[in-house]
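Colleague: Predicted model follows, preceded by the sequence.
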Amino acid sequence: MPTGSADPSSGSADKAATKVSRAGRNLPAAIAVGVLLGAAVLVALLTVRQIFVGIVAAAVAVATIELAGALNRGAGIRVALWPVLVGGQAMVWLSWPFGRNGVLAAFVVTVLACLVWRFRGGAAGYLRDISASILTAAYVPLFASFAALLVVAPDGRARVLCFLILVVSSDTCGYVAGVLRGRHPMAPSISPKKSWEGFAGSMAGGILAGALCLTLLLPGQWWHGVLFGAALVLTATVGDLVESLIKRDLGIKDMGQLLPGHGGLMDRLDSLLPSAVVSWLLLRLFVPG
């Protein structure tokens, strides 16, 4: 076996592998995808607000299919896909003319439709499949509908921007702090790469972004922004951990492969979905509109 110089390409390959493994994802691809998604949302918000509802609806459809597919691949669970897909669209689109009453009515009808739809599969696995169907309907379209509800208000553009800026700040600051300083795992049995140092970075970035957003974009107080930022960091972190638990239970790495560097769309919505609910609740409390 030759003992001379090694293949020059192997060094760059090792460095690339080290970079990806340390960061936990393909960073250039992840940044490019994130910028494109952010640009689409900004264009919608700055032109016709209803377009944002359409973006939410499209994301809900894709994420629902991904989650249902993951449940089937990992555990053989059969989600009542068509009722959840159609009901999910109803939840999102009814949020604009009818508000939370429309969302709630669509959710209840979706649950009833799932119960009936699964009749044809017989008794075997009925409770398991129905439970997963209702979980999917609540976790994806119901939670996402609160993002659509944010934009319905007269100052809806600012509310959605506050929500998105807070989640992005939490994710970005936590990611950087975790990569650079992460030493103490937060929940090693759930998400080994998530560290307390990363969480501290998320909290610092979220609180700062919250204080700025609620005083500059909305007529809120700085301490409202501090509470808003801290709350969204907590919900974003919980969202990450919940999806990690689901994937570990199913024995899969990603919900899908749609987004280069990110996995599936559902893998990017994990922190946004619960944060949308909390954003709507807190902004209604702090900035009535």
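Modeller: Structure's in. What do you need?
Colleague: which parts of the helix or strand where T237 lies are buried?
Modeller: Remark: T237 resides in helix 222-250, with elements defined by DSSP states H and E. For helix 222-250, burial by neighbour count (16 or more other Cβ atoms under 10 Å) applies to 224-237, 239-244, 246-247, 250. In short, each C-beta sits where N, CA and C put it, glycine included.
Colleague: cool, stretch 90-108 as well?
Modeller: In stretch 90-108, counting by 16+ other Cβ under 10 Å, buried: 90-96, 102-103, 106-107.
Colleague: CA-only coordinates of the helix or strand containing W117 in PDB, if you can.
Modeller: Using DSSP H and E, W117 maps to helix 95-117. C-alpha atoms of helix 95-117 as PDB (Å, rounded to 0.1, in the frame of the first residue of the first chain):
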ATOM      1  CA  SER A  95     -59.600  32.300   9.700                       C
ATOM      2  CA  TRP A  96     -59.800  35.500   7.600                       C
ATOM      3  CA  PRO A  97     -63.500  36.000   7.300                       C
ATOM      4  CA  PHE A  98     -64.600  34.300  10.500                       C
ATOM      5  CA  GLY A  99     -61.700  34.500  12.800                       C
ATOM      6  CA  ARG A 100     -61.200  31.900  15.600                       C
ATOM      7  CA  ASN A 101     -64.800  30.800  15.400                       C
ATOM      8  CA  GLY A 102     -64.200  29.700  11.800                       C
ATOM      9  CA  VAL A 103     -61.000  27.900  12.800                       C
ATOM     10  CA  LEU A 104     -62.700  26.100  15.700                       C
ATOM     11  CA  ALA A 105     -65.700  25.000  13.600                       C
ATOM     12  CA  ALA A 106     -63.400  23.700  10.800                       C
ATOM     13  CA  PHE A 107     -61.400  21.700  13.400                       C
ATOM     14  CA  VAL A 108     -64.400  20.100  15.000                       C
ATOM     15  CA  VAL A 109     -65.800  19.100  11.600                       C
ATOM     16  CA  THR A 110     -62.400  17.700  10.600                       C
ATOM     17  CA  VAL A 111     -62.300  15.500  13.800                       C
ATOM     18  CA  LEU A 112     -65.800  14.200  13.000                       C
ATOM     19  CA  ALA A 113     -64.800  13.500   9.400                       C
ATOM     20  CA  CYS A 114     -61.700  11.600  10.600                       C
ATOM     21  CA  LEU A 115     -63.900   9.400  12.900                       C
ATOM     22  CA  VAL A 116     -66.100   8.400  10.000                       C
ATOM     23  CA  TRP A 117     -63.500   8.200   7.300                       C
END
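Colleague: Quick check: which of the buried residues of stretch 90-108 has the minimum pLDDT.
Modeller: Taken together, the buried residues of stretch 90-108 show their lowest pLDDT at W96, with 91.
Colleague: these two touch, right, it and Q50?
Modeller: Yes - W96 is within contact range of Q50, at 6.8 Å (criterion: Cβ atoms under 8 Å).
Colleague: Just the helices from the stretch 51-200 of the chain, written as ranges.
Modeller: Per DSSP state H, counting those that start in this stretch, the stretch 51-200 of the chain carries helices over the ranges 81-93, 95-117, 126-137, 143-152, 156-181, 196-216.
Colleague: Report the angle between the first one and helix 143-152.
Modeller: Looking back up the chat, that one is helix 81-93. 20 degrees (axes from the mean of the first three to the mean of the last three Cα atoms, to 10 degrees).
Colleague: And the third one, by the same measure?
Modeller: Here the directions of helix 126-137 and helix 143-152 differ by 20 degrees (the same axes, to 10 degrees).
Colleague: Same question for the second one.
Modeller: Between the direction of helix 95-117 and that of helix 143-152, the angle (the same axes, to 10 degrees) works out to 160 degrees.
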